[in-house]
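Enquirer: Give me a 3D structure for the following:
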Amino acid sequence: MRVAVVNAGSSSVKLRVVADGVVADAVDLGPPGDRLATQLDAYLDAAGDLDATGHRVVHGGDRFTRPVVVDDAARAELDRLEDLAPLHNPPATRAIDEIRRLRPALPVVACFDTAFHATLPAAARTYALPAEWTERFGVRRYGFHGLSCQWALRRAGELSGRDPDRLRVVVCHLGGGASVTAIRDGRSADTTMGFTPTEGLVMATRSGDVDPGALAWLVEHGVDAAELGDALERR
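Expert: Residues are numbered from 1 along each chain as shown. Here you go, the predicted structure:
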């Protein structure tokens, strides 16, 4: 099987062709700009025969807990998730849209960073907030970097000669974004990222954990939601 893998983020687009589990070609682009459609078209032409394209999508919410072939219904659902990850999901959905337009007969599969954490137990996923907020708004821990966690778990099994589904592992994903995930018997048991990828460890531009009382105090003293969100995510 030959699959073109598209990892479209806010700061870069990474393209890979994976043939029978082995990376056969790799191209890294800058931020997704006006030329994205042309770049994707050229890459697909150079890739030759493909069976599908696979796309990393950061946030799948409660709706997507496993990879899905993107049809019109799934694409509409992706729009509803955009405000949960406004910096991360739009570039991915844009790349999905371009490929569906450029190669309408080619299956497009979305793979979600949150899906691996669908197994989080209630004690790990539930915030100590009013229950109606969880029920009405879906405020809970979703977790991220799940695709990285899956790879690290599988690789740890290979290197140790053990069944990944029997391992107890702590996975540290350390890059521009950073998280730590506890895995028990092949399933996510706890993780540092939460409702958004901002929670947890300090990162390159994201604040990580901050006293929520301090944030409420800042709002009371004139910092509006837009400025607060920008500061926590970018500054």
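Enquirer: which ones are touching Ser12?
Expert: Going by C-beta atoms under 8 Å, 6 or more residues apart in numbering, Ser12 touches Asp28, Leu29, Gly30, Pro31. (Glycine included, C-beta is placed from N, CA and C.)
Enquirer: With neighbour count as extra columns, can I get those in JSON lines?
Expert: Shown next, in JSON lines, are the contacts of Ser12 (neighbours: other C-beta atoms under 10 Å):
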{"residue": "Asp28", "neighbour count": "10"}
{"residue": "Leu29", "neighbour count": "16"}
{"residue": "Gly30", "neighbour count": "10"}
{"residue": "Pro31", "neighbour count": "12"}
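Enquirer: Include distance to Thr38 when you put these into JSON lines, please.
Expert: Shown next, in JSON lines, are those (distance: C-beta to C-beta, whole Å):
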{"residue": "Asp28", "distance to Thr38": "16"}
{"residue": "Leu29", "distance to Thr38": "11"}
{"residue": "Gly30", "distance to Thr38": "14"}
{"residue": "Pro31", "distance to Thr38": "15"}
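Enquirer: now those as TSV including distance to His145 and pLDDT?
Expert: Below are those laid out as TSV (distance: C-beta to C-beta, whole Å; pLDDT from 0 to 100):
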residue	distance to His145	pLDDT
Asp28	19	93
Leu29	22	91
Gly30	22	86
Pro31	21	86
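Enquirer: contacting residues around the spatially closest residue to Leu120 that is not a sequence neighbour?
Expert: Among residues not flanking Leu120 along the chain, Ser188 sits closest, at 5.7 Å (C-beta to C-beta, 6 or more residues apart in numbering). Residues in contact with Ser188, defined by C-beta under 8 Å, 6+ apart, are Phe116, His117, Ala118, Thr119, Leu120, Gly143, Gly146, Cys149, Thr181, Ala182.
Enquirer: can you check Ser207 too?
Expert: Ser207 neighbours (C-beta under 8 Å, 6+ apart): Thr198, Ala231, Leu232.
Enquirer: got a pLDDT number for the second one?
Expert: Translated: Ala231. Ala231 carries a pLDDT value of 96.
Enquirer: ok now the helix or strand harbouring it, how far from the chain's centre?
Expert: Assigned by DSSP states H and E, Ala231 belongs to helix 225-234. Computed by C-alpha atoms, centre = their mean, to the nearest Å, the separation of helix 225-234 from the middle of its chain amounts to 20 Å.
Enquirer: One more: stretch 177-186?
Expert: In terms of C-alpha atoms, centre = their mean, the centre of stretch 177-186 is set 14 Å apart from its chain centre.
Enquirer: before we move on, what about stretch 78-97?
Expert: 10 Å.
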